Every structure is written in structure tokens, then in C-alpha cells.
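Colleague: model this:
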Amino acid sequence: MSTVTFREALDLVESLSDEERLALVEIVKSRLVERRRDEIAESVREAREDYSGGEVRKGTADEFETLKGKS
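Modeller: Below you'll find the predicted structure:
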């Protein structure tokens, strides 16, 4: 697969019809949302692992600041 520069990508988009451009925008938005959803799901998975492994402590923000100051 060859690499396309940002400028080349813009030029390619300019060659599309208005309808194709709108479809492209919707596809890109959808993919960005899906990627972010995957990142959040991974973060939740990691947090659950940490919690079940005992690597997470409960407390208030003030308690956290107190612990942070001691390290």
C-alpha cells in the first residue's frame, strides 16, 4: 500500500462529487467514533483488571492528594 500525503488526500477529495464527499465525511466520522469507543472499552477493561487485582484504592480526591504528597 502506498502512502498518500495529506495534501494528496485533499486533492483526491476535491475530485469527488458533493454526494461522495458527504458520504466520505460520514464514514470518517463513524470510524472516529468507533475508534474512540474501542479506546474507552480498552480503558474500562484495564481499570477492571486493576480493580480485581487489588491495584485500585477507593477514596476521596483529598485522600488521593494526601497519599500523592507522601510519595
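Colleague: can you tell me how far the closest residue to residue 4 other than its chain neighbours is from residue 2?
Modeller: Nearest non-adjacent residue to residue 4, counting by CB to CB, 6 or more residues apart in numbering: residue 12, 7.4 Å away. Just so you know, the C-beta spots here come from the backbone N, C-alpha and C atoms, and that holds for glycine as well. Distance of residue 12 to residue 2, given as CB to CB, to the nearest Å: 12 Å.
Colleague: between the two, which is the more surrounded one?
Modeller: residue 12 (11 against 4; other CB atoms under 10 Å).
Colleague: what about the helices in the chain?
Modeller: 6-14, 18-52, 61-70 (DSSP state H).
Colleague: residues near residue 3, how many?
Modeller: 5.
Colleague: show me the contact partners of the lowest-mean-pLDDT helix or strand in the chain.
Modeller: When the helices and strands of the chain are compared on mean pLDDT, DSSP states H and E, helix 61-70 comes out lowest with a mean of 79. Helix 61-70 is contacted from outside by 57, 59, using CB atoms under 8 Å, 6 or more residues apart in numbering.
Colleague: how distant is that helix from the center of its chain?
Modeller: A distance of 29 Å separates the centroid of the chain from that of helix 61-70, by CA atoms, centre = their mean, to the nearest Å.
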